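Student: Build the 3D model from these lines:
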Amino acid sequence: VTSITLIANGSMSRDGRVVAYGELSGTVEVRVWDSQSGTETAFPGGFLALSPDGRRVFYSSSTNTFIRDLTSNSNVLVGFGAVQPNRNLHASRFSADGRFLTFATRSALSALDTNGTFFSDVYVFDYENRTNELISQAFDSGFSADNSSDSPSISPDGRFVTYYSTARNVVPGATN
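Tutor: Numbering: from 1, shown residues only. Next up is the predicted model:
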């Protein structure tokens, strides 16, 4: 019997020490390999992002999203609901210091997210304060944009977020 393993996506820490990736071989797992210690760990879930310092992994179960702190081997709940694949699943990103994480989801993780679960929205999770901030907001109301937003990226210092959106009310005058 031949076993086929599908590597879903992966990432490497800035120094090349830690590699994390998703594996589909009967079950969906996140695998993390530390090249310095030669150890590999695995846990259920779909891999989404690795922090640049290799200390944190953003992953999704079938029902929730988490950040696993690899140094303490503990999980922090980012949000209820799995992150939905978009055009660019690899777009979930950590800031350079691993404090901020940007991602897209169809789950409403803020009271300002009023556009329903059909549309995806961009959020920033602050690991230090354990809070989510809705980024893809309408310019005139502060509530979620009127269409999908996804494929976010974050600046190294965590101050700026870019993303793709088909919404007409993210900036004044946009007609998309």
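Student: Can you name the next helix or strand after the lowest-mean-pLDDT helix or strand in the chain?
Tutor: Least confident element among the helices and strands of the chain, by mean pLDDT, DSSP states H and E: strand 6-12 (a mean of 70). The helix or strand immediately downstream of strand 6-12 is strand 18-24, counting by DSSP states H and E.
Student: Just want the angle from whichever helix or strand comes after that following strand to strand 18-24.
Tutor: Note on strand 18-24: by DSSP H and E, the next helix or strand toward the C-terminus is strand 28-34. For strand 28-34 against strand 18-24, the angle by axes from the mean of the first three to the mean of the last three CA atoms, to 10 degrees is 160 degrees.
Student: tell me the average confidence for strand 28-34?
Tutor: Averaged across strand 28-34, the pLDDT comes to 90.
Student: where exactly do the strands run in the protein?
Tutor: 6-12, 18-24, 28-34, 39-44, 46-50, 56-60, 64-69, 74-80, 93-94, 100-105, 121-126, 131-134, 149-154, 161-165 (DSSP state E).
Student: Out of those strands, which gets nearest to residue 142?
Tutor: Closest of those to residue 142 is strand 131-134, at 8.7 Å (criterion: CB to CB). All C-beta spots, glycine's among them, are computed from the backbone N, C-alpha and C.
Student: Could you pull out the buried residues of that closest one?
Tutor: 132-134 (16 or more other CB atoms under 10 Å).
Student: for those residues, which one is nearest residue 111?
Tutor: residue 134 (8.9 Å).
Student: Is the closest one in contact with residue 149, as I believe?
Tutor: No - using CB atoms under 8 Å, residue 134 makes no contact with residue 149, being 9.7 Å away.
Student: Now for the two: what residues contact both?
Tutor: 121-122 (CB atoms under 8 Å, 6 or more residues apart in numbering).
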